[in-house]
Structures are given as C-alpha cells and as structure tokens.
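Visitor: for reference, the sequence and a predicted model appear below.
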Amino acid sequence: MKKLEDLKYVVRLSEVSKIFGSDEHKTVALQNVSCEASAGELVLLLGPSGSGKTTLLTLIAGLLRPSSGTISLFGKNIESYSAKMLQQIRAMRIGFIFQTFLLIDSLTVQENVGVVLRFNGKTRREAHRHAFRLLEQFRIEHLAKKFPRTLSQGEKQRVAVARAIANEGDLIIADEPTGCLESKQGFEIIQLLKTYSKDQNRCVIVGSHDLRIEEFADRILRLEDGILRESA
Ligand SMILES: Nc1ncnc2c1ncn2[C@@H]1O[C@H](COP(=O)(O)OP(=O)(O)OP(=O)(O)O)[C@@H](O)[C@H]1O
Ligand SMILES: [Mg+2]
C-alpha cells in the first residue's frame, strides 16, 4: 500500500450516491458527490442536520457501502480491499471520532485512549504513558481515572478526539467534534486537529454544521440535501 507522501489524494470520491431503504421509504442521503482530500489539509464538510455528513464520513471509513460511484482510499478503490484489509486499515491508519463518541463504558478515560495503542502492538505501560500525555495535551488529565458515564458531553468529546489521534493515523475523520463544546473549547479542539494535520502532514476531514469553525479549514465542502454545492 502506498505511503501517504506518495499519494496525491488520501481520499477521493467520484459520483458517490447513497440511498437508504427502497420504494416509498427511500431516502437519498447523498447524490453524485465528487470530492477529494489530501495529506496536510483539514477539509471541512459543512451542512445542516440531515444533509448527509455522517453518511459521507461513514462511507469514507469503509463502514458503509455506496449505492453507486467509487471511493478511493489511500490510492485504491475501497471495493478492492478485503474485509480484513479494511479492518486493518481502520485500526492502523484511520482515527474516527463518532458523533456519539462510542467510548467504552467499562474502561477509564485513560484506558479508552490507550486501548487503540494496545491494538497496534504497544505494551500496556507504553500505551498508558502515551495516553496520559495525550490527555495532558487536551488538558483533561484530571479525568484519567474517571469512567465515561461520569463525564459531561464536552469532556467525552475531548476524550474521543484524543483517542482518535492517539495512533497518529494518516487519516482522521471527525464527525461533529465540536458539537457539544462552547465556542472557546470547540476552537481549541479544531485547532488541535488542524495542528495535527500540519505538523504530521496528515489528512483530517471534519463534518460539522458549525459555521464558526470555517476559518480553520483549508478547504470547505458544502453539503445540502445530499448534494455538494460548492467547494472552496
Ligand atoms: N441507516 C439509515 N437508514 C435510513 N435513513 C438514513 C440512515 N442513515 C441516515 N439516513 C438518512 O439520510 C439523511 C442523511 O443523514 P446523515 O446522518 O448523514 O445526516 P447528517 O448531516 O450527519 O445530520 P446531523 O447533522 O443531524 O448529524 C437523513 O435524511 C437521514 O434520515
Ligand atoms: Mg451526523
């Protein structure tokens, strides 16, 4: 598989559509969407609720299949990867921040961040240390020993972002990473993601309805009712 620096695009979508359901119950979530994202940039996918952001981000992560069109991920058509390969890619190269966080309730904050490092072969001790450094970076080290159910929504959000970048993946996909945060904290998170894309030359794709974070984007893709209106 190609290295990030040899790829023109980390992700490329051509004429991608996604239709849920059938007949009278069908929802066209995305219609003929073409776009791309490269290393070193933060691409902002902006659109109101229901415009198709989560659908698009889930497709890019290979967790959902398009109804038509093609998606290229790390230089290859996503369909050409085996299920096992795709799973490996997700574990090693992609960090995903889900809109619903998906933190593991039985693990502490520090363990939630450390667990992805364990998947990738770090020892328990290394994972523990690295996770704590990340929590410090996000200024939530005081939450290290707490369990997710005891956290506020904004705190959970920061833990989810710390976990997503823990592996230093080539592609970070963030679905509403600032949704639960006040503007100051939200800016801080988006700035951390931006710095990550620049310093590590990685690709970050952020889905959001929050117009206030526009200024942090290298490129903006605007979604409306499943259609990409413009890219700038
Ligand atoms: N699994 C599904 N089955 C049926 N319809 C779905 C499914 N997932 C999404 N949809 C529909 O597709 C459209 C796009 O949904 P999506 O979740 O991608 O929007 P969104 O932009 O992420 O919205 P929000 O900002 O509220 O998270 C919506 O009309 C939604 O109801
Ligand atoms: Mg969504």
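Guide: Perfect, I can see it now. Please read all numbers here as calculations on a predicted model, not as lab measurements. Numbering: from 1, shown residues only. Ligands and ions are numbered 1, 2, ... in the order given.
Visitor: residue contacts, the nearest residue to residue 143 once chain neighbours are set aside?
Guide: Nearest non-adjacent residue to residue 143, counting by CB to CB, 6 or more residues apart in numbering: residue 109, 4.7 Å away. Glycine gets a C-beta too; all of them are placed from N, C-alpha and C. Residue 109 makes contacts with 135, 140, 143-148, 151, 159, as judged by CB atoms under 8 Å, 6 or more residues apart in numbering.
Visitor: what does the chain put close to ligand 1?
Guide: Listed as neighbours of ligand 1 in the chain under the rule CB under 6 Å from any ligand atom: 20-21, 27, 29, 47, 49-55, 99, 209.
Visitor: count the neighbours of residue 39 for me.
Guide: Neighbourhood size, residue 39 [other CB atoms under 10 Å]: 20.
Visitor: how far away is it from ligand 1?
Guide: Applying CB to the nearest ligand atom, to the nearest Å, the value for residue 39 to ligand 1 is 25 Å.
Visitor: just after the host helix or strand of residue 196, pick out the following helix or strand.
Guide: If you go by DSSP states H and E, residue 196 is part of helix 183-199. Downstream of helix 183-199, the first helix or strand assigned by DSSP H and E is strand 203-208.
Visitor: how far does that following strand sit from its chain's centre?
Guide: 6 Å (CA atoms, centre = their mean, to the nearest Å).
Visitor: now do it against helix 183-199: the angle between them, please.
Guide: Inter-element angle recorded for strand 203-208 and helix 183-199: 160 degrees (by axes from the mean of the first three to the mean of the last three CA atoms, to 10 degrees).
Visitor: how about residues contacting strand 203-208?
Guide: Contacts for strand 203-208 (CB under 8 Å, 6+ apart): 4, 10-11, 37-47, 53-54, 56-57, 60, 170-179, 190, 193-194, 196-197, 213, 217.
Visitor: and it, average pLDDT?
Guide: Strand 203-208 comes out with an average pLDDT of 96.
Visitor: now do stretch 111-122
Guide: Stretch 111-122 shows a mean pLDDT of 88.
Visitor: before we move on, what about stretch 153-162?
Guide: Average pLDDT, stretch 153-162: 89.
Visitor: now do that stretch: distance to the chain's middle.
Guide: Using CA atoms, centre = their mean, the offset of stretch 153-162 from its chain centre is 13 Å.
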